[in-house]
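Student: have a look at this fold, sequence not included:
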Ligand SMILES: Cc1ncc(COP(=O)(O)O)c(C=O)c1O
Ligand SMILES: N[C@@H](CCCC[NH3+])C(=O)O
């Protein structure tokens, strides 16, 4: 459920017609719904109910500080993968004590900063990282809280680029080797073992792979306990999918209840790191049709949004719904490829979409709140879009459109 709906023949974001937003802020433009972010966060919080839990929204999905702030106000924690993300969380008023630090390549300066502000836990992905973290903590005279991210070798059944829990993936520590690595961590003086972590992939549309991973992780948890290593928390990562097209992913309530049922008798705090399932359907990207170009072979609608603004279709052949802001009652229906102005054949946001269009029409690309702006670039020297947050009747500009001056501000011509 989201708050982008048609009313009297035009698309609204909460109580505001998206045409009005496009007229004021231009296109392409990302539009987020605060009520939808809140609804999605609360769906997790309610689903986890009385079970001790911490929801750490995955900042990578949408890292605008206004988004982080909306979630922080609800009590959200954050999953970060870089110091840049940590600084965003702090700038947004997030609590460092609710931050988990994931990622395969944490640098010493990043560890230092995370220790300085006091993050909740480091999700450590290799032995080399354990040693580095222990050294950094020792230099600072601190104890670093850690979990090991284990790789349970389960098939998440998702796109190969976003599957992370298989043996051949770069992520985590092979679960078979995990007991030895825990023993190693136990022997390092400046580390404190807190939990275990696993994240098997993104856009999962079934609970089964999560449960398979959990079964394997619980075997590990129990075997560690026998060896005197008792864990406080279990971090199951993110990964719950959303509906882009015909998918029917489980609701957080269904997902959470099946997970909690498996934990019976164990006093483990549950940490979850949802990104997409909180942010994706809380955002759309508005784009306008520049030209219609109907050829013998194909009908193109050339739009002002492109792969640099929203990369997912080009990168994963991802399908995102594209709908008109004001559907036309009459006119010729055609099957359009919606293509941007970037000089790449892969620059499309949708293919073969049946629409009635005219130049100047405003379109909304749905489910663009996650991995949308966050993955945008300046390719072809295009200014990245504006971002706005709708809150009831109000529209807040939360990132102004870039300018060419912004783009070249860090560059310099060499003398002579
Ligand atoms: C470690 C980690 N946690 C959480 C997430 C968020 O995943 P999702 O957006 O699928 O919920 C990711 C991204 O896949 C991740 O790599
Ligand atoms: N960026 C991806 C998901 C990767 C998740 C990060 N581990 C997407 O748009 O679907």
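Tutor: That came through fine. The shown structure was predicted, so the numbers you read here are calculated from the model rather than taken from an experiment. Numbering: from 1, shown residues only. Ligands and ions are numbered 1, 2, ... in the order given.

Student: could you look up the SS state of residue 351?
Tutor: Following DSSP: H, G, I helix; E, B strand; the rest coil, the label given to residue 351 is strand.

Student: number of nearby residues for it?
Tutor: Residues near residue 351, counting by other C-beta atoms under 10 Å, number 14. C-beta: built from backbone N, CA, C; applies to glycine.

Student: now do residue 377
Tutor: Count around residue 377 with other C-beta under 10 Å applied: 11.

Student: so it touches residue 308, yeah?
Tutor: Yes. Applying C-beta atoms under 8 Å as the test, residue 377 and residue 308 come out as touching, 4.9 Å apart.

Student: what residues are shared contacts of the two?
Tutor: Common neighbours of residue 377 and residue 308, using C-beta atoms under 8 Å, 6 or more residues apart in numbering, are residue 384.

Student: so how far is residue 116 from residue 378?
Tutor: 32 Å (C-beta to C-beta, to the nearest Å).

Student: the two: which is more packed in?
Tutor: residue 378 (14 against 11).

Student: which ones are touching that one?
Tutor: 308, 384, 402, 407.

Student: pLDDT score for it?
Tutor: For residue 378, the model assigns a pLDDT of 98.

Student: gap between it and residue 385?
Tutor: 11 Å.

Student: anything in contact with each of those two?
Tutor: Joint contacts of residue 378 and residue 385 (C-beta under 8 Å, 6+ apart) do not exist.

Student: do I have it right that residue 389 meets residue 66?
Tutor: Yes. Applying C-beta under 8 Å, one finds residue 389 in contact with residue 66, separated by 5.3 Å.

Student: can you map out the strands along the stretch 151-300 of the chain?
Tutor: Using DSSP state E, counting those that start in this stretch, the strands of the stretch 151-300 of the chain run over 173-174, 191-197, 233-235, 269-272, 283-294, 299-303.

Student: what's in contact with the third one?
Tutor: It stands for strand 233-235. Against strand 233-235 from outside (C-beta under 8 Å, 6+ apart): 54, 56, 100, 121, 123, 147, 194-198, 217, 221, 263, 268-273.

Student: ok, 7 Å please
Tutor: For strand 233-235, the external contacting residues (C-beta atoms under 7 Å, 6 or more residues apart in numbering) are 100, 123, 147, 194-197, 217, 221, 268-271, 273.

Student: surely residue 211 is in contact with residue 257?
Tutor: No. Between residue 211 and residue 257 there is no contact under C-beta atoms under 7 Å: 11.5 Å.

Student: got the buried residues for stretch 131-146?
Tutor: 132-134, 136-137, 144-146 (16 or more other C-beta atoms under 10 Å).

Student: do the same with stretch 77-97
Tutor: In stretch 77-97, residues buried by neighbour count (16+ other C-beta under 10 Å) are 77-83, 85-86, 88-90, 92, 94-96.

Student: what does stretch 2-18 give?
Tutor: For stretch 2-18, the buried set under the neighbour-count rule, 16+ other C-beta under 10 Å, comprises 2-4, 11-14, 16-18.

Student: returning to what we had before: could you tell me which of the buried residues of stretch 77-97 belong to strands?
Tutor: Using DSSP state E, the subset of the buried residues of stretch 77-97 located in strands is 77-80.

Student: need the residues you listed in JSON lines with pLDDT and distance to ligand 1, can you?
Tutor: What follows is those, written out as JSON lines (pLDDT from 0 to 100; distance: C-beta to the nearest ligand atom, whole Å):
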{"residue": "77", "pLDDT": "98", "distance to ligand 1": "12"}
{"residue": "78", "pLDDT": "99", "distance to ligand 1": "10"}
{"residue": "79", "pLDDT": "98", "distance to ligand 1": "5"}
{"residue": "80", "pLDDT": "98", "distance to ligand 1": "10"}
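
Student: using TSV, lay out these together with distance to ligand 2.
Tutor: Listed next are these as TSV, based on distance: C-beta to the nearest ligand atom, whole Å:
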residue	distance to ligand 2
77	18
78	15
79	10
80	13
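
Student: separation between the nearest residue to residue 291 once chain neighbours are set aside and ligand 2?
Tutor: In this structure, residue 291 finds its nearest non-sequential neighbour in residue 302, 4.5 Å apart by C-beta to C-beta, 6 or more residues apart in numbering. Plainly put, residue 302 is 24 Å away from ligand 2 if you go by C-beta to the nearest ligand atom, to the nearest Å.

Student: thinking again about what came up before, closest to ligand 1 out of the buried residues of stretch 2-18?
Tutor: Ligand 1 lies nearest to residue 2 out of the buried residues of stretch 2-18, by C-beta to the nearest ligand atom, at 16.3 Å.

Student: so that closest one sits in a strand?
Tutor: No. With three-state DSSP as the criterion, residue 2 is coil rather than part of a strand.

Student: what angle separates the helix or strand harbouring residue 139 from strand 191-197?
Tutor: Applying DSSP states H and E as the criterion places residue 139 in helix 127-140. If you take axes from the mean of the first three to the mean of the last three C-alpha atoms, to 10 degrees, helix 127-140 sits at 140 degrees to strand 191-197.

Student: elements contacting helix 127-140?
Tutor: Applying 3 or more C-beta pairs under 7 Å, 6 or more residues apart in numbering; DSSP states H and E, one finds that helix 127-140 contacts helix 108-117, strand 121-124, strand 144-151, helix 178-187, strand 191-197.

Student: in contact with residue 337, which residues are there?
Tutor: 298, 300, 348, 351-352.

Student: let's check: the centremost residue of this structure is which one?
Tutor: residue 61 (2.2 Å; C-alpha atoms, centre = their mean).

Student: got the phi and psi for that residue?
Tutor: The phi/psi pair for residue 61 (degrees, to the nearest 10) reads phi -70, psi -40.

Student: tally of neighbours for the closest residue to it other than its chain neighbours?
Tutor: Leaving aside its chain neighbours, residue 61 sits nearest to residue 275 (3.2 Å; criterion: C-beta to C-beta, 6+ apart). As a burial measure, residue 275 scores 24 neighbours (other C-beta under 10 Å).

Student: contacting residues for residue 275?
Tutor: 57-58, 60-61, 238, 370.

Student: let's have those in TSV, adding pLDDT.
Tutor: Output for the contacts of residue 275, formatted as TSV (pLDDT from 0 to 100):
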residue	pLDDT
57	98
58	98
60	98
61	98
238	97
370	98
